[in-house]
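Enquirer: Provided below are the primary sequence and the corresponding predicted coordinates.
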Amino acid sequence: MTILALMRMLGALALVLGGLAGALWAVRRFDLTLPGRIGTASRPERRLALVERLTVDPRRSLVLVRRDGREHLLLIAPEGHVVIDAFDAATFSGMVDRHVAAAPAETADA
């Protein structure tokens, strides 16, 4: 194999890898997705959502997950996971709204 053939091969490899890297950048930058199936209805509403995650320590975290209108508070650790509480999302948001409305307004001292 001559030097010219080796340089040509490495140049082609660099072009292919550069094209793949550029495509990956574009997908991530512009949040591109593949089109859905042809002839199907629009995507149904998602049933599962991660509402919030709080790290307790480097190995454990609390996760609030919403599923079908219910929220579940989970403790996730290397030893396993534990369901701490499960409640209706609508009931909980109503309680929070009442609590916030009943709390006295804080004034900032300048």
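Expert: Great, that's in hand. Because the structure is predicted, anything quoted here is derived from the model rather than measured.
Enquirer: okay, now the unreliable bits of this protein?
Expert: Filtered on pLDDT under 70, the chain yields the residue ranges 36-44, 92-110.
Enquirer: max-length helix in it?
Expert: Using DSSP state H to define each element, the chain has its longest helix at helix 3-30.
Enquirer: how far is that one from where the chain is centred?
Expert: 30 Å (Cα atoms, centre = their mean, to the nearest Å).
Enquirer: now the element after that helix, going C-ward?
Expert: Downstream of helix 3-30, the next assigned helix or strand under DSSP states H and E is strand 48-57.
Enquirer: got the buried residues for that following strand?
Expert: For strand 48-57, a neighbour-count test (16 or more other Cβ atoms under 10 Å) marks nothing as buried. The way it works is simple: take the backbone N, C-alpha and C, and place the C-beta from them, glycine included.
Enquirer: who touches the helix or strand that it is followed by?
Expert: Note on strand 48-57: by DSSP H and E, the next helix or strand toward the C-terminus is strand 60-67. Under the contact criterion Cβ atoms under 8 Å, 6 or more residues apart in numbering, strand 60-67 has outside partners 47-56, 71-77, 84, 89.
Enquirer: number of nearby residues for Met9?
Expert: 11 (other Cβ atoms under 10 Å).
Enquirer: actually Arg59, not the one I typed
Expert: Neighbours of Arg59 (other Cβ under 10 Å): 10.
Enquirer: likewise for the one 5 residues further on?
Expert: Neighbouring residues of Leu64 were enumerated by other Cβ under 10 Å; the total is 17.
Enquirer: for it, name its beta-bridge partners.
Expert: Leu64 has the following beta-bridge partners by DSSP bridges: Glu52, Leu73.
Enquirer: if we can go back for a sec, so which bits of the longest helix of the chain are buried?
Expert: Under 16+ other Cβ under 10 Å, helix 3-30 has no buried positions.
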